[in-house]
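*Asks:* starting from these lines, generate the structure:
(one chain, ligands or ions: 1)
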Amino acid sequence: MQLYGYFRSSAAFRVRIALNLKQLDYDSAFIHLRRGDQSQPAFLGVNPQGLVPALEIDGQTLIQSLAILEYLDETHPEPPLLPPDAAGRARVRALAQIVACDIHPINNLRVLRYLHRPLGHDQTAIETWYNHWIDSGFRALEGLLAGDKRTGAFCHGDRPGLADIALVPQVVNAERYRLDVHPYPNITRIFATCMKLDAFAAAHPERQPDREE
Ligand SMILES: N[C@@H](CCC(=O)N[C@@H](CS)C(=O)NCC(=O)O)C(=O)O
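*Replies:* Okay, the predicted model is just below:
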C-alpha cells in the first residue's frame, strides 16, 4: 500500500489518521506541493487531478480523501469510522463535509496561489480570506456540536470517527494561520482529545519524514 501525500496536506493527513486508526502499514511517496510535483507528468499519471492524497491499494489507485476513508472503512471495518445507524452516519458525514467540501477546497494551495497571481492579492488579504472561511465553517460546526447530545468526547459519541478525522487537520491549519480558536470550545476540546491518541498524533505534519519549516 502506498500513500502519495505531502506533510502539510490536510487531505493526506486525514488518510494518515485513518490508516493509523486501522493499524494498516503503508509506504509513502512524497509529492512536494510547493515545488509543483503535483503537476508533473509522473504524478498526473497517478492522479490526473494533480492533488494529493492518492492511495495505491488492492491493485488500484484511489483518490479523494473522503472516498478513500470510506473504502478503508468498508474493507477494514475495525475500528469503524461511521456509527451503526443511518441518522448517525448522515450526521457524521455532514460534519466531515463541512470541512472537506465547504472549508478546505476554497483554502487550498492552488486557490491561495490564484488569489496572489493573477488576482494580485497580498499575503495579508490572503490570510484574511483563509481565516474567514475557517471561521465561517467552524462557527457552524461548533453550533452543531454544542447543540446535539450525540456529541461526546469526540464529534459523535466517545469513539473517534470520520468527522474527527476531517476536523483535526483543519484545526492544525487554523493554528498555522494563527486563527483565534477560543470561540469554538467544543472543537478545541475534541481536537485536544484526538491529539492524545497516537493515531492522530503520529499523522501530524510535524511528525512526517518530508516535513520542512
Ligand atoms: N477533495 C480532495 C482535495 C485534495 C486537495 O485539495 N489536496 C491538496 C492538498 S490538501 C493538493 O493536493 N493541493 C495541490 C495544489 O493546490 O496545487 C480530497 O479530499 O482529497
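
*Asks:* and residue 137, what element?
*Replies:* Here residue 137 sits within helix 123-146, counting by DSSP states H and E.

*Asks:* helix or strand right after that helix?
*Replies:* With elements assigned by DSSP H and E, the helix or strand that comes after helix 123-146 is helix 162-176.

*Asks:* buried residues, that following helix. List them.
*Replies:* 162-174 (16 or more other CB atoms under 10 Å). Using the backbone N, CA and C atoms, a C-beta is placed for each residue, glycine as well.

*Asks:* could I get those as a markdown table with distance to the ligand and pLDDT?
*Replies:* Formatted as a markdown table, the buried residues of helix 162-176 follow (distance: CB to the nearest ligand atom, whole Å; pLDDT from 0 to 100):
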| residue | distance to the ligand | pLDDT |
| --- | --- | --- |
| 162 | 12 | 99 |
| 163 | 14 | 99 |
| 164 | 16 | 99 |
| 165 | 11 | 99 |
| 166 | 9 | 99 |
| 167 | 14 | 98 |
| 168 | 14 | 98 |
| 169 | 8 | 98 |
| 170 | 10 | 98 |
| 171 | 14 | 98 |
| 172 | 11 | 98 |
| 173 | 9 | 97 |
| 174 | 14 | 97 |
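
*Asks:* and of those residues, the nearest to residue 28?
*Replies:* residue 169 (16.3 Å; CB to CB).

*Asks:* for the closest one, list the residues it contacts.
*Replies:* 10, 11, 13, 14, 17 (CB atoms under 8 Å, 6 or more residues apart in numbering).

*Asks:* go again with 10 Å.
*Replies:* For residue 169, the contacting residues are 8-14, 16-17, 65, 99-100, 104, 200, 203-205, by CB atoms under 10 Å, 6 or more residues apart in numbering.

*Asks:* what's the closest non-adjacent residue to it?
*Replies:* residue 10 (3.5 Å; CB to CB, 6 or more residues apart in numbering).

*Asks:* tell me the contacts of residue 58?
*Replies:* Counting by CB under 10 Å, 6+ apart, residue 58 touches 1, 71, 75.

*Asks:* residue 199: what's it in contact with?
*Replies:* 16, 17, 18, 19, 20, 21, 22, 23, 79, 160, 165.
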